[in-house]
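Peer 1: My questions concern the predicted model and sequence given below.
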Amino acid sequence: MPEPIYWKKAQKYLSMKDKKLSKIISQYKGHIKTRNNPFYSLCKAIVGQQISVQSADSVWKRFSNKCKRVSPKNVESLTVQEIRDCGITRQKTEYIKLLSINFINKNFKTSELKNLNDEEAISYLCKNKGIGKWTAEMFLIFNQNRQNLFPIQDIGLLKGISRTYATPYPPSQKDLDKFRKKWSPFCTVATWYMWRSVDPVEVEY
C-alpha cells in the first residue's frame, strides 16, 4: 500500500512541533496502510468496536477465513451463527449483516463523502445503524485517507498520550484539546504514532 501523499510533510511538521513525538516518529518506520475497499474497512471497524487491537485482530482472522473474501455477498450469505462462531457478538453480527445488505442494495454511497468536511462526513456515516463516531473516524482514516482525524474515544490513542506525556488516564479534555491544536492539521499521523507506541499489532481497518 503506497505511503499517503501527506505523510512525509506530516512527519516533518510534527517532529518540529513536538519533541516527544519526534522521538517516536524516528523509532517506528512505515506508514498508515489505507485500503480502497469501503465494505471491508467498515466491517473490520465494527468488529473492532470496544475491544483491544489484539482481540480484534484474532476475531477478524477467523471471520475473514470464514468469508473466504470479505465482500457484501459473501457476508450476507453467512448465517448469524456462522458469524457468531467467529467470536463476534450478536449485536455486531446484526450490524455486519445489515451493512452487507445496504451495500448490495446500493443504499450506502461513499461517493457522498468527498464533498463533506470531517465532521459532516462523520454525521453522514453515523446515520447508518452500527456506525458510531469511532467507527466513522476509523473509516475516514483508513478508507478515505483523511489526514486530520483525532479519535478521542480510541483507547490506543488515549493510552499513547497518557504514557508519552505522563498525563492522567484518561487524559483530560483540556489536554486532548491541547494535543489536537498542536498536531493539527496532521492529527491522523500523530494518532498512528500513538498507536504504534502502545500496541505491538499495527492498527489497520
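Peer 2: The structure has been received and is ready for your questions.
Peer 1: Could you chop the chain up by domain?
Peer 2: In the assignment given by automatic domain parsing, the structural domains of the chain cover 7-33+149-198, 38-142.
Peer 1: which stretch among those domains comes nearest Tyr205?
Peer 2: Distance to Tyr205, taken as CB to CB, is lowest for domain 38-142 among those, at 4.1 Å. The C-beta positions use only the backbone N, C-alpha and C, and glycine is treated the same way.
Peer 1: is it true that Arg84 touches Thr93?
Peer 2: Yes. The criterion here is CB atoms under 8 Å, and Arg84 meets it with Thr93 at 5.7 Å.
Peer 1: contacting residues for the residue nearest to the spatial centre of the chain?
Peer 2: The centroid of the chain falls nearest to Met138 when counting by CA atoms, centre = their mean (2.5 Å). Contacts for Met138 (CB atoms under 8 Å, 6 or more residues apart in numbering) come out as Ser41, Ala45, Gly48, Pro151, Tyr205.
Peer 1: Of all pairs in these, which one spans the longest distance?
Peer 2: Greatest spatial distance in these: Ser41 and Pro151, 14.2 Å, computed using CB to CB.
Peer 1: of these two, who's got more company?
Peer 2: Ser41 (24 against 21; other CB atoms under 10 Å).
Peer 1: and the helix or strand hosting the more buried one, which residues are buried?
Peer 2: In the assignment (DSSP states H and E), Ser41 maps to helix 38-47. Judged by neighbour count (16 or more other CB atoms under 10 Å), helix 38-47 contains these buried residues: Pro38, Phe39, Tyr40, Ser41, Leu42, Cys43, Lys44, Ala45, Ile46, Val47.
Peer 1: returning to what we had before: now the residue nearest to the centre of the chain: how far from Thr167?
Peer 2: Using CB to CB, to the nearest Å, we find Met138 at a distance of 23 Å from Thr167.
Peer 1: give me the low-pLDDT residue ranges for this structure?
Peer 2: Within the chain, not a single segment meets pLDDT under 70.
Peer 1: Could you rerun that using 90?
Peer 2: Along the chain, the model assigns pLDDT under 90 to residues 1-2, 52-53, 108-112, 199-203.
Peer 1: What residues does Lys66 make contact with?
Peer 2: Here Lys66 is in contact with Leu78, Glu82, Ile83, Asp85, Cys86 (criterion: CB under 8 Å, 6+ apart).
Peer 1: what do you get if the cut-off is 6 Å, keeping everything else the same?
Peer 2: Each residue near Lys66 by CB atoms under 6 Å, 6 or more residues apart in numbering is listed here: Cys86.
Peer 1: So it, which state does it fall into?
Peer 2: Here Lys66 is helix, with the state taken from DSSP: H, G, I helix; E, B strand; the rest coil.
Peer 1: So what's the residue count around Phe186?
Peer 2: Neighbourhood size, Phe186 [other CB under 10 Å]: 20.
Peer 1: Which strand or helix spans Ser197?
Peer 2: Element membership of Ser197, judged by DSSP H and E, is helix 187-198.
Peer 1: Not counting sequence-adjacent ones, nearest residue to Lys33?
Peer 2: Met1 (4.5 Å; CB to CB, 6 or more residues apart in numbering).
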